[in-house]
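Engineer: Here is my input, please return the structure:
(one chain, ligands or ions: 1)
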Amino acid sequence: MNAITISNLKKTYANGTQALKEINLEVTAGDFFALLGANGAGKTTVIGILTSIVNKTSGSVKIFDIDIEKDHMAAKKMIGVVPQEMNFNMFEQVQDIVVAQAGYFGIDHKTAIRDSEIILKQVELWEKRKSPSRTLSGGMKRRLMIARALINKPKLLILDEPTAGVDVELRYGMWEYLRQLNAQGTTILLTTHYLEEVEQMCKNAAIIKTGEIIKYDRVKNLLQLLEQETYVVHVEKIQAIETIKMYNPKVIDDTTFEVDISKKERLNDFILKISNAGMIVTDIRPKGNRLEKLFLKILKQ
Ligand code: ADP
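Structural biologist: Next up is the predicted model:
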């Protein structure tokens with residue numbers, strides 16, 4: 001069964017911007033799916049249409065076989081949304097925010113109180129249940145957005161940049177939690193700027209470019225396109241650089257150079273070679289945004 005079936009979907013905004021040209025996309029129930037694309041590609045528009053915030057121009061969208069146009073409320077009940085922008089009342093208390101959301105779905109108050117406790121404990125916000133949301137840290141606010149999206153027990157959870165502005169440690173915790181939700185049967189669709197997020201969690205991904213789906217594949221296959229990675233290496237002092245010329249070194253300054261290392265080679269072998277050359281490594285990290293590199297590779301195909 002499909003969690004999402006998008007057929008011939010078009011969207012032209014009132015100002016004439018053709019945001020979606022004619023999209024076809026299927027997301028299988030149980031998938032952990034990434035919708036990827038540069039800014040302005042059309043991701044938010046797709047999510048907006050799935051969640052009935054944006055009106056489509058033509059085409060059809062089904063959520064678990066329910067046409068969003070024919071049975072808008074039934075489709076809505078299947079979905080939990082975590083938008084990019086924090087949009088809760090900053091003065092309202094944490095638990096009240098989650099309980100109020102239940103009201104929109106016609107969930108009775110007693111059930112809402114009980115379920116909000118379960119969810120707030122899961123996202124580790126139970127201690128903060130009486131705090132006004134404005135007093136939460138950025139990561140906690142994100143978790144509150146997720147808790148609120150889960151109160152109607154959605155079969156499909158949609159997250160627009162779930163870890164934007166969340167620091168690395170919290171990001172890992174959030175990945176783990178989302179993985180658990182997916183393992184328990186929730187279909188998840190997310191948009192992200194971080195390739196690691198896709199690598200860590202997603203099974204399939206589609207890449208959207210100026211309103212068209214240009215690629216749809218298993219994440220594993222997409223990642224194979226990134227066979228080479230450029231690393232920035234910091235050493236105490238560059239020396240005998242010619243002994244590592246197979247890595248195509250590019251010297252930046254006395255202590256910094258860049259190298260290209262193929263996925264098939266081990267980073268360890270490279271480090272051994274520079275140690276043998278007498279250099280002491282102080283830092284080594286991948287250069288730039290790998291997701292952007294992946295887009296460039298795909299565009300060149
Ligand atoms: P993404 O989420 O991938 O950054 P969007 O779906 O927000 O992309 O935008 C797709 C295109 O539609 C862009 O060209 C954007 O400028 C345009 N767009 C988005 N929202 C509106 C709107 N409300 N009115 C007019 N144009 C819009």
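Engineer: Please count neighbours and contacts with C-alpha atoms only from this point.
Structural biologist: Fine.
Engineer: Chain neighbours aside, what residue packs nearest to the residue lying farthest from the centre of the chain?
Structural biologist: In terms of distance from the mean C-alpha position of the chain, A240 ranks first, at 41.9 Å (C-alpha atoms, centre = their mean). In this structure, A240 finds its nearest non-sequential neighbour in A277, 5.7 Å apart by C-alpha to C-alpha, 6 or more residues apart in numbering.
Engineer: confidence score at that neighbour?
Structural biologist: With respect to pLDDT, A277 has a value of 93.
Engineer: Then L272?
Structural biologist: 92.
Engineer: Neighbours of the residue nearest to A240, how many?
Structural biologist: 16 (other C-alpha atoms under 10 Å).
Engineer: What's the end-to-end length of stretch 277-295?
Structural biologist: Taking C-alpha to C-alpha, to the nearest Å, stretch 277-295 runs 35 Å from one end to the other.
Engineer: what comes up buried for that stretch?
Structural biologist: When burial is assessed from 16 or more other C-alpha atoms under 10 Å, stretch 277-295 yields the following buried residues: A277, M279, I280, V281, I284, R290, L291, L294, F295.
Engineer: Same question for the lengthiest helix in the chain: list its buried residues.
Structural biologist: Longest helix in the chain by number of residues (criterion: DSSP state H): helix 168-183. Judged by neighbour count (16+ other C-alpha under 10 Å), helix 168-183 contains these buried residues: L170, R171, M174, W175, L178, R179, N182.
Engineer: The helix or strand following it vs helix 168-183, what angle?
Structural biologist: Where DSSP states H and E defines the elements, the next helix or strand beyond helix 168-183 is strand 187-191. If you take axes from the mean of the first three to the mean of the last three C-alpha atoms, to 10 degrees, strand 187-191 sits at 140 degrees to helix 168-183.
Engineer: So which residues make contact with the next helix or strand after strand 187-191?
Structural biologist: Downstream of strand 187-191, the next assigned helix or strand under DSSP H and E is helix 195-201. Outside of helix 195-201, the residues within contact range by C-alpha atoms under 8 Å, 6 or more residues apart in numbering are F32, A34, W175, R179, T192, V219, K220, L223, N289, R290, L291.
Engineer: now swap in stretch 104-116 and tell me
Structural biologist: Residues from elsewhere that reach stretch 104-116, judged by C-alpha under 8 Å, 6+ apart: K77, Q95, V98, V99, A102, G103, A147, I151, N152.
Engineer: is it possible to export these to JSON lines including distance to E258?
Structural biologist: Formatted as JSON lines, these follow (distance: C-alpha to C-alpha, whole Å):
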{"residue": "K77", "distance to E258": "51"}
{"residue": "Q95", "distance to E258": "49"}
{"residue": "V98", "distance to E258": "48"}
{"residue": "V99", "distance to E258": "52"}
{"residue": "A102", "distance to E258": "52"}
{"residue": "G103", "distance to E258": "55"}
{"residue": "A147", "distance to E258": "43"}
{"residue": "I151", "distance to E258": "48"}
{"residue": "N152", "distance to E258": "49"}
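Engineer: which of those residues count as buried?
Structural biologist: K77, Q95, V98, V99, A102, A147, I151, N152.
Engineer: Can you get me a residue count around D67?
Structural biologist: Counted by other C-alpha under 10 Å, the residues lying close to D67 total 17.
Engineer: Which residue, other than its chain neighbours, is closest to it?
Structural biologist: Of all residues not flanking D67 in the chain, V61 sits nearest, at 5.9 Å (C-alpha to C-alpha, 6+ apart).
Engineer: Correct me if wrong, but the one you found is in a strand.
Structural biologist: Yes: according to DSSP: H, G, I helix; E, B strand; the rest coil, V61 belongs to a strand.
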